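> coordinates only, sequence not included:
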């Protein structure tokens, strides 16, 4: 369960950054770097290593706890996007040719990252194009609401798409770790307990 919770925390951390971009025009640097960095980790010992360590997933774990608690701090729009991302992952998984093409392009972009930062505008633009050209056409479309002023800016749109690609990475990991939709109905208590345990170790 811990691995599935880490994957969901990665997904929610990415979506929170998308929401910040859409509403405020920019994301938080460290949480965004953690999400984008996960795209270039192809071989990891465990799910936690994909994100560096659990400390770097603190925002995502906090958000997952709020979503599971179901109190006034629960964000229904975030839940909607997350569920759409999980649906998109299923479509992505049904197209091995697209998966191979995305992997190959990430390899190319990773070479560029070595000379720039993970959140360099050119890196995010390349990731955004990859999402728009290879992933988005698979459907369902991920609808992001926010300030029209920011969503009309090509750089913000590219950053949103790049971060959605990181969200898809987390959704793929969740499925690889045995995650199913039944978890949200039958294992909610176990998930909440795993979140608390992971946060307690931060």
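Right, received. Where do you want to start? Keep in mind that this is a model prediction, so the values were computed, not measured.

> Apart from its chain neighbours, what residue comes closest to the most centrally placed residue in the chain?
When CA atoms, centre = their mean is applied to the chain, the residue found nearest the centroid is residue 167 (2.0 Å). Counting by CB to CB, 6 or more residues apart in numbering, residue 167 lies nearest to residue 14, which is 3.8 Å off, once chain neighbours are set aside. Where you see a C-beta, it was placed from the backbone N, CA and C, and this is true even at glycine.

> related to what we said a few turns ago, contacting residues for the residue nearest to the centre of the chain?
By CB atoms under 8 Å, 6 or more residues apart in numbering, the contact set of residue 167 is 10, 11, 14, 15, 18, 35, 82, 85.

> Serialize those to CSV and add fields for secondary structure and distance to residue 162.
CSV is the format used below for the contacts of residue 167 (DSSP: H, G, I helix; E, B strand; the rest coil; distance: CB to CB, whole Å):
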residue, secondary structure, distance to residue 162
10, helix, 15
11, helix, 15
14, helix, 10
15, helix, 13
18, helix, 10
35, helix, 9
82, helix, 17
85, helix, 14
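
> Closest to residue 123 out of those residues?
Among the contacts of residue 167, residue 35 lies closest to residue 123 (CB to CB), at 12.6 Å.

> Out of the contacts of residue 167, who's the most crowded?
Scoring the contacts of residue 167 on neighbours with other CB atoms under 10 Å, the highest-scoring entry is residue 35 at 33 neighbours.

> And the pLDDT at that residue?
Model confidence at residue 35, given as pLDDT, is 98.

> re earlier: touching, the residue nearest to residue 167 and residue 163? I think so.
Yes. At 5.2 Å, residue 14 counts as touching residue 163 under the criterion of CB atoms under 8 Å.

> Now do the shared contacts for these two.
Residues touching both residue 14 and residue 163 by CB under 8 Å, 6+ apart: residue 35.

> Helices along this protein, start to end?
Taking DSSP state H, the helices of the chain run over residues 2-24, 29-38, 47-50, 58-69, 76-93, 96-113, 121-130, 148-151, 154-176, 183-186, 188-200.
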